[in-house]
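Visitor: Starting from these lines, generate the structure:
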Amino acid sequence: MAAPAAAGSGEGPHSPLLDDLMPWSVRPLRTGRPWVTAPDAASLRARWERLVRAPEPERERLFGPTRARTPQTPVAALPGQSAGTVRFAREPGPCPEPVRILHGPFDEQWLLPDHRLIDVARPELWRVADDHQVFLVEHGRIPHDAGPALSVTALLPDGHSPAGRPGRIRPLYRRPGGVEPNLAPGLIDLLRARHGAAVTAESVLAWILAAARPSPAGPVVPLPADTARWTAGVALGHELLRLQLRGSRGGERPRLPGGRRPYVRAAVPPAPSELSYDAEEQVLALGSGRISPVPAGAWEFQVGGVRMLELWFGRRTAVSGADGLEAVLPRAWPQEWTSELLELITLLALLAELRPRQQELAEGPEIDLRELRAAGVLPVPAPARRPASVLDHQEEGPDGQFALL
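Guide: The predicted structure is shown next:
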C-alpha cells in the first residue's frame, strides 16, 4: 500500500486530505481480461459457455492468460461468492451468477465473480460489501477538470477511471453490518462538539461528497467551523447520495419534474453506431433513435475530461476483437439499455444542477489542521489505514482448502 500523503499537502494550508479523514482505502480492481465485465448479464453467461466449450488450446487463448492468472492458477474464493476454487483448467464448474457493479463513474454493469478469472479482485472490499455499505470512489484527476472529485455507490465499484490516474475506493464502514466507520479516530467527536450530537458517519460522508475538491495530492475536504454551513452541506450531500444510490437503501430512483423528463421519441435501432446531441432541440440521437428533452448539463457532464454519455454509449457499441469474448454482446440493442440510458440522463442532469451549490461550500471559516492535531484526529494511527481483521467465518482457499482469516 502506498504511503499516505501528508495532511494539508493539497490545495490550501488549512484543509485536510480525504486520505486523512477516511484513512482506509483500496486500489481499484484489476480484472486483467475485459471480457469478465459486460453491460448485460446474458452476455457474460454466453461468454462463459463459449469459453468452457472451446477445445484446447482455443480455450486458453480465449481465457487471456496474464502473469497473475492462467487457467492453471490456484486461487481462494471471493468472499461471499460461490464460484469454485478448483483450478479452471481442471474443472470450470457452472457459470457463476453475475453481480451488478459500478464500472467507473456512473456506469452500472455486470461482473463474473470468479476469482480464477480476475487478476486483482481486492477481496477486502468483497468482505465488507453488504446491504449497509456504501463506497466512496475517487475520480482520476487531470488538470483543469471541472467534474466532481468523487462519486458514491451501494454497488461494488471497480474504481476504473475514464482518464487520468485512477483514484482509490473508500468504504464507509470497515466491517460488515455497518460497523466501525472508516473515519479518522476522534473525527466524529470533534464534529459533534462543534455542530451537535446529530453528527453521524453518514452525515460526515454526505459532507465529504458535497464539499470535496480535487488537488494534485488527492481530494481535499474543507471542514466548516460554522454550523449553518455544515448543515447546508450535509443536506446537499444527502441529496447527492440519494441520487447516486439510484433507489437502493429504500430510496427513490432519480426523477426529473414532469415536462423535463426524457422520453424516447423515435425507437433506438437494433445497431446504433453514432451518438450525437442537438443542443438547440435538446435531442440525443442514437443513430435514427431520438431521446428528448436531454438537458445540456447531462450531455456536457464530464469526469476526467470524458463525457459520461459518450463513454456509456461507446462501451455498448464498440466491439474489440472479432473473435474475442468481448465481442459476445447482444445482437440487437436491448430495451433495458434504453431504460438505463434514460435513468443515466436523469441522474447526470440532476447532478449538474447541484454543482453550483457544491462550489459555494468552498468558502468560509474552517476547522484547520492545528485544531485537528490538537484534538488528536491527526496524525491518523497506522492501524486505521489497514483493513479490519475478519475472524468470524471461513473462506475457501485454493483447490477447496479452507483458511481461517
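Visitor: F106 is in contact with M308, isn't it?
Guide: Yes - the criterion here is Cβ atoms under 8 Å, and F106 meets it with M308 at 5.4 Å. C-beta coordinates here come from the backbone N, C-alpha and C atoms, glycine included.
Visitor: The two: which has the busier surroundings?
Guide: Set side by side, F106 and M308 show more neighbours around M308, with 25 against 22, by other Cβ atoms under 10 Å.
Visitor: give the contact list for the more buried one.
Guide: Contact criterion Cβ atoms under 8 Å, 6 or more residues apart in numbering gives P105, F106, D107, F301, Q302, L344, L348 as the residues in contact with M308.
Visitor: quick one: the fifth one and G147 touch, right?
Guide: Yes - applying Cβ under 8 Å, one finds Q302 in contact with G147, separated by 4.8 Å.
Visitor: residue contacts, the residue sitting nearest the centre point of the chain?
Guide: Against the mean C-alpha coordinate of the chain, by Cα atoms, centre = their mean, the closest residue is P157 at 3.7 Å. Listed by Cβ under 8 Å, 6+ apart, the contact set of P157 reads P28, I101, L102, F135, V137, I169.
Visitor: circling back: which one (most neighbours) among the contacts of M308?
Guide: Of all the contacts of M308, P105 has the most neighbours under the rule other Cβ under 10 Å, reaching 28 neighbours.
Visitor: can you tell me how far the closest residue to A327 other than its chain neighbours sits from T338?
Guide: Counting by Cβ to Cβ, 6 or more residues apart in numbering, the nearest residue to A327 once its immediate chain neighbours are dropped is V319, at 4.7 Å. The gap separating V319 from T338 is 19 Å, by Cβ to Cβ, to the nearest Å.
Visitor: okay, the two: which has more neighbours?
Guide: Here V319 and T338 are compared on neighbour count by other Cβ under 10 Å; more neighbours surround T338, at 16 against 11.
Visitor: what's the more buried one in contact with, if anything?
Guide: Residues in contact with T338 (Cβ under 8 Å, 6+ apart) are V264, V268.
Visitor: Helices along the stretch 1-150 of the chain, start to end?
Guide: Remark: helices of the stretch 1-150 of the chain, listed N- to C-terminal, are 18-21, 41-53, 58-63, 123-128; assignment by DSSP state H, counting those that start in this stretch.
Visitor: Let's have those in TSV, adding distance to E363, mean pLDDT and mean neighbour count.
Guide: As requested, the helices of the stretch 1-150 of the chain are arranged in TSV below (distance: least, Cβ to Cβ, whole Å; pLDDT from 0 to 100; neighbours: other Cβ atoms under 10 Å):
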stretch	distance to E363	mean pLDDT	mean neighbour count
helix 18-21	19	97	26
helix 41-53	46	97	18
helix 58-63	54	95	16
helix 123-128	35	96	22
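Visitor: For S203, find the nearest of those.
Guide: Comparing these by their distance to S203 (Cβ to Cβ), the top pick is helix 18-21, with 12.9 Å.
Visitor: Could you list the residues in contact with that closest one?
Guide: Residues external to helix 18-21 that are found in contact with it (Cβ under 8 Å, 6+ apart): 4-5, 7, 25, 136, 138, 150, 170, 183-184, 187, 204, 208, 212, 218-221, 372, 378-380.
Visitor: Using PDB, write out every CA atom in it.
Guide: What follows is helix 18-21, C-alpha atoms only, in PDB (Å, rounded to 0.1, in the frame of the first residue of the first chain):
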ATOM      1  CA  LEU A  18      -9.700  12.900   2.200                       C
ATOM      2  CA  ASP A  19      -6.900  10.300   2.800                       C
ATOM      3  CA  ASP A  20      -6.700  11.500   6.400                       C
ATOM      4  CA  LEU A  21     -10.500  11.700   7.100                       C
END
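Visitor: How much space separates the residue lying closest to P123 once chain neighbours are set aside from R174?
Guide: Excluding its sequence neighbours, the residue lying closest to P123 (Cβ to Cβ, 6+ apart) is P79, at 5.5 Å. Plainly put, P79 is 14 Å away from R174 if you go by Cβ to Cβ.
Visitor: ok, now V319?
Guide: In terms of Cβ to Cβ, V319 sits 41 Å off from R174.
Visitor: and what of L205?
Guide: In this view, L205 and R174 are 13 Å apart by Cβ to Cβ.
Visitor: now W337, nearest residue through space, not along the chain?
Guide: What sits nearest to W337 in space, not counting adjacent residues and going by Cβ to Cβ, 6+ apart, is R316, at 6.2 Å.
Visitor: Give the buried residues for the helix or strand where the one you found lies.
Guide: For R316, the enclosing helix or strand under DSSP states H and E is helix 308-317. Within helix 308-317, the residues that qualify as buried are M308, L309, L311, W312, F313, R316, T317, counting by 16 or more other Cβ atoms under 10 Å.
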